[in-house]
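Chemist: Here is my input; please provide its structure:
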Amino acid sequence: MMTNLFSTFDPTTMFNTSMNWLSTIMIFMFLPSMYWLIPSRLNMIWIKIILTLHKEFKILISSSIKGNTLIMISLFSFILLNNFMGMFPYIFTSTSHMTFTLSLALPLWLSFMIYGLMNNMTHMLAHLVPQGTPPILMPFMVCIETISNIIRPGTLAIRLSANMIAGHLLMTLLGNTGPYLSILMMNLLIISQILLLILELAVSIIQSYVFTVLSTLYSSEVN
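Modeler: As a prediction, the model looks like this:
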């Protein structure tokens, strides 16, 4: 039983176990097996989205290695489907947890930093001092750029989780006032909830795209 408003985002709400994390793989239950075998409208739409993302990320990534956009497209798909799963009633929203978002952002950032320092350290250190900086300000710019580089995985994780929590909390707060409203106000509440649901669907797409694009931009800096 939920004891407070934030219990919706508690992975141990049900039977004091972490079974709610299974929502991250429940997305495959909604994909029929024939989707992978016979071309369908859903398949064609998804291929069109993947090709569009491939062209977008190929411009952002300066490397010419084939297949370098595959990991970013997979990351976008994974976050997007998990965001959509959180829109269903009584399904745990995994992307609203820092545990989940940091597990995506931190390994990516670490791999970029290690790769850049091992292969192109001079280029990485040159990023710490923007071009045209006065000599007297260079020590301060190095400190500022270093801090901004270190907090990147945290900002990625917080941005995704905070946006997913905010919309769900607003819908929960409005929904809890339903039993105390009149018929007219109830109709207005339902309309506002539908509009909020549409907004949350848009936020789910935007946040998965923003997370992936920022990760792509961070990777392009180490080349």
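Chemist: Mind naming the longest helix for the protein?
Modeler: In the chain, with assignment by DSSP state H, the single longest helix is helix 183-220.
Chemist: just how off-centre is that one within its chain?
Modeler: Centroid separation for helix 183-220 versus its chain: 12 Å, with Cα atoms, centre = their mean, to the nearest Å.
Chemist: Show me what that helix is packed against.
Modeler: The helices and strands touching helix 183-220, judged by 3 or more Cβ pairs under 8 Å, 6 or more residues apart in numbering; DSSP states H and E, are helix 41-60, helix 70-85, helix 98-119, helix 152-176. For the C-beta atoms, the positions are set from N, CA and C on the backbone; glycine is no exception.
Chemist: quick one: buried residues of the lowest-mean-pLDDT helix or strand in the chain?
Modeler: In the chain, the helix or strand scored least confidently by mean pLDDT, DSSP states H and E is helix 121-126, which has a mean of 75. Using 16 or more other Cβ atoms under 10 Å as the test for burial, helix 121-126 gives residue 124.
Chemist: Make 7 the first number, not 1, from now on.
Modeler: Sure, I'll start numbering at 7, so the last one becomes helix 127-132.
Chemist: Skip ahead from it and say which helix or strand is next.
Modeler: Scanning forward in sequence from helix 127-132 by DSSP states H and E, the next helix or strand is helix 144-156.
Chemist: rewinding a little: and the least confident helix or strand of the chain, how far out from the chain's middle?
Modeler: Counting by Cα atoms, centre = their mean, helix 127-132 is centred 29 Å from the centre of its parent chain.
Chemist: again, but for stretch 164-173
Modeler: Centroid separation between stretch 164-173 and its chain, computed with Cα atoms, centre = their mean, is 9 Å.
Chemist: Please work out which residues outside it touch it.
Modeler: Contact with stretch 164-173 is made by 15, 85, 89, 92, 99, 101-104, 106-107, 202, 205-206, 209-210, 213-214, 216-217, as judged by Cβ atoms under 8 Å, 6 or more residues apart in numbering.
Chemist: With stretch 75-83 instead?
Modeler: Under the contact criterion Cβ under 8 Å, 6+ apart, stretch 75-83 has outside partners 56, 59-60, 63-64, 67, 110, 114, 214-215, 217-218, 221-222.
Chemist: rewinding a little: buried ones in the longest helix of the chain, by neighbour count?
Modeler: Applying 16+ other Cβ under 10 Å to helix 189-226 flags 202, 206, 209-210, 213-214, 216-222, 224-225 as buried.
Chemist: between that helix and helix 76-91, how big is the angle?
Modeler: Between helix 189-226 and helix 76-91, the angle comes out at 170 degrees (axes from the mean of the first three to the mean of the last three Cα atoms, to 10 degrees).
Chemist: and helix 189-226, what's its mean pLDDT?
Modeler: Averaged over helix 189-226, pLDDT sits at 89.
Chemist: ok and that helix relative to helix 104-125, angle-wise?
Modeler: Using the same axes, to 10 degrees: helix 189-226 against helix 104-125 is 20 degrees.
Chemist: what inclination does helix 189-226 have with respect to helix 158-182?
Modeler: Using the same axes, to 10 degrees: helix 189-226 against helix 158-182 is 170 degrees.
Chemist: quick one: which helix or strand includes residue 98?
Modeler: Under DSSP H and E, no helix or strand contains residue 98.
Chemist: quick one on the thing from earlier: any chance of the helices and strands packed on helix 189-226 in TSV, with mean neighbour count and distance to residue 139 too?
Modeler: Below are the helices and strands packed on helix 189-226 laid out as TSV (neighbours: other Cβ atoms under 10 Å; distance: least, Cβ to Cβ, whole Å):
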stretch	mean neighbour count	distance to residue 139
helix 47-66	13	25
helix 76-91	19	31
helix 104-125	16	21
helix 158-182	17	21
